[in-house]
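# have a look at this fold, sequence not included:
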């Protein structure tokens with residue numbers, strides 16, 4: 001059991017990676033947009049416009065749209081429940097005077113591995129105007145799960161990681177036809193994805209967790225340069241707007257090289273979105289639907305490619321979002337009086353090939369400060 005604890009600590013401390021393999025979605029998503037089902041091709045928040053669709057840049061009410069830092073923390077619901085149960089049991093043991101350390105350690109291991117552990121954080125330092133934007137970002141989310149019967153039929157621990165870090169620079173222009181906009185984003189990326197499954201009976205593999213080569217393999221990153229292009233048809237009325245968007249992520253495929261086994265490239269993905277917005281001067285109701293990866297580059301099922309959501313903006317500083325993400329409902333809320341923003345989101349990522357196979361019910365808390 002001591003080596004199991006060593007494995008957990010190694011995963012949580014030494015892995016600058018993240019879960020949710022990049023396939024049809026942007027490499028960075030704003031938490032409030034996730035609450036709206038990730039349907040962000042026609043409307044995105046803060047620096048999210050650079051990643052979702054650069055053609056959205058000119059739609060700001062003023063030239064300077066946002067300059068600041070956004071930090072995000074996330075954890076899955078099962079980890080929160082396990083932590084609460086462990087704390088409650090520990091308090092009960094203290095009150096009863098129990099000192100059976102072996103029993104407590106066994107119970108701890110059982111609770112930790114009964115449900116998957118999913119943690120993560122993200123940072124984005126950005127400046128966004130109606131003509132161009134620049135953002136430096138970093139995010140990672142290790143995911144640890146245990147299986148009573150692994151690939152060989154024996155108890156197994158699985159670590160899946162993914163990490164993205166880099167710089168993006170985007171710009172956009174309105175054409176002489178004011179309702180037609182084009183945007184482009186250039187990005188310099190570091191990315192690493194790892195998949196590791198270890199049988200609990202494999203003492204040799206577990207002993208290797210403390211070796212320097214093990215840590216180096218986990219933190220290895222590949223790097224590359226990519227380009228995204230987007231367009232937006234924006235038909236604006238006094239109380240009614242219609243948006244139609246198209247975007248190509250990783251134009252011509254983004255090649256990645258380095259010491260990490262994966263990823264070696266991000267495939268070109270073409271997506272389309274449509275949105276209807278009802279608005280007054282200060283309030284807005286936004287309905288949106290995105291269909292990602294029209295050509296099926298990643299061969300994912302419909303529930304992974306269809307994103308639907310709604311955003312309600314009240315008096316420009318209070319927002320409520322809801323939607324459909326990976327086959328599950330999502331929701332979010334934000335308070336944004338301009339100089340700072342607090343956002344909370346709940347959504348689900350499905351790691352299996354169908355809804356309900358291997359879900360992660362995730363809570364996200366985000367704080368932004370800037371102007």
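Nice, thanks for sending it over. Source: prediction; values computed, not measured.
# how about the strands in the stretch 101-250 of the chain?
For the stretch 101-250 of the chain, the strands defined by DSSP state E, counting those that start in this stretch cover 117-129, 132-140, 143-147, 156-174, 180-199, 222-236, 240-249.
# hmm, who's touching stretch 305-321?
With Cβ atoms under 8 Å, 6 or more residues apart in numbering as the test, stretch 305-321 has contacts from 24, 32-33, 35-40, 43, 282-293, 322-325, 330-338, 345. (Each C-beta comes from the backbone N, C-alpha and C, glycine too.)
# now, of those, which are buried?
24, 32-33, 35-40, 43, 284, 286-293, 322-325, 330-334, 336, 345 (16 or more other Cβ atoms under 10 Å).
# of those, which belong to helices?
Mapping the buried ones among the contacts of stretch 305-321 onto helices (DSSP state H) picks out 32, 33, 35.
# any chance of JSON lines for those, columns distance to residue 240?
JSON lines is the format used below for these (distance: Cβ to Cβ, whole Å):
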{"residue": "32", "distance to residue 240": "23"}
{"residue": "33", "distance to residue 240": "22"}
{"residue": "35", "distance to residue 240": "24"}
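# pull up the gap between the nearest residue to residue 37 once chain neighbours are set aside and residue 22, please.
Residue nearest to residue 37 in three dimensions, not counting chain neighbours: residue 323, with 2.3 Å by Cβ to Cβ, 6 or more residues apart in numbering. Separation of residue 323 from residue 22 (Cβ to Cβ, to the nearest Å) stands at 20 Å.
# cool, and residue 259?
According to Cβ to Cβ, residue 259 stands 19 Å off from residue 22.
# which one of these two is surrounded by more residues?
Ranked by neighbour count (other Cβ atoms under 10 Å), residue 259 and residue 22 place residue 22 first, with 22 against 11.
# which residues of the stretch 51-200 of the chain score low on pLDDT?
85-87, 89-113, 149-153, 200 (pLDDT under 70).
# need the contact list for the nearest residue to residue 138 once chain neighbours are set aside.
Excluding its sequence neighbours, the residue lying closest to residue 138 (Cβ to Cβ, 6+ apart) is residue 165, at 4.3 Å. By Cβ under 8 Å, 6+ apart, the contact list for residue 165 reads 16, 137, 138, 139, 189, 190, 191, 221.
# any idea what residue 165 is bridged to?
According to DSSP bridges, the residues that bridge with residue 165 are residue 138, residue 190.
# state the mean pLDDT of the helix or strand harbouring residue 276.
Using DSSP states H and E, residue 276 sits within strand 269-279. What strand 269-279 shows for mean pLDDT is 97.
# quick one, it and strand 240-249 angle?
Calculated by axes from the mean of the first three to the mean of the last three Cα atoms, to 10 degrees, strand 269-279 forms an angle of 160 degrees with strand 240-249.
# pairing partners for strand 269-279, with directions?
strand 240-249 (antiparallel), strand 284-291 (antiparallel).
# residue 75 and residue 249, how far apart?
Distance of residue 75 to residue 249, computed by Cβ to Cβ: 28 Å.
# neighbour count: the two, which is higher?
residue 249 (30 against 19).
# OK, contacts around residue 335?
So residue 335 contacts 317, 318, 341, 342, 343 (Cβ under 8 Å, 6+ apart).
# quick one: pLDDT of it?
On pLDDT, residue 335 comes in at 98.
# and if you look at residue 218?
At residue 218, the predicted lDDT confidence score is 70.
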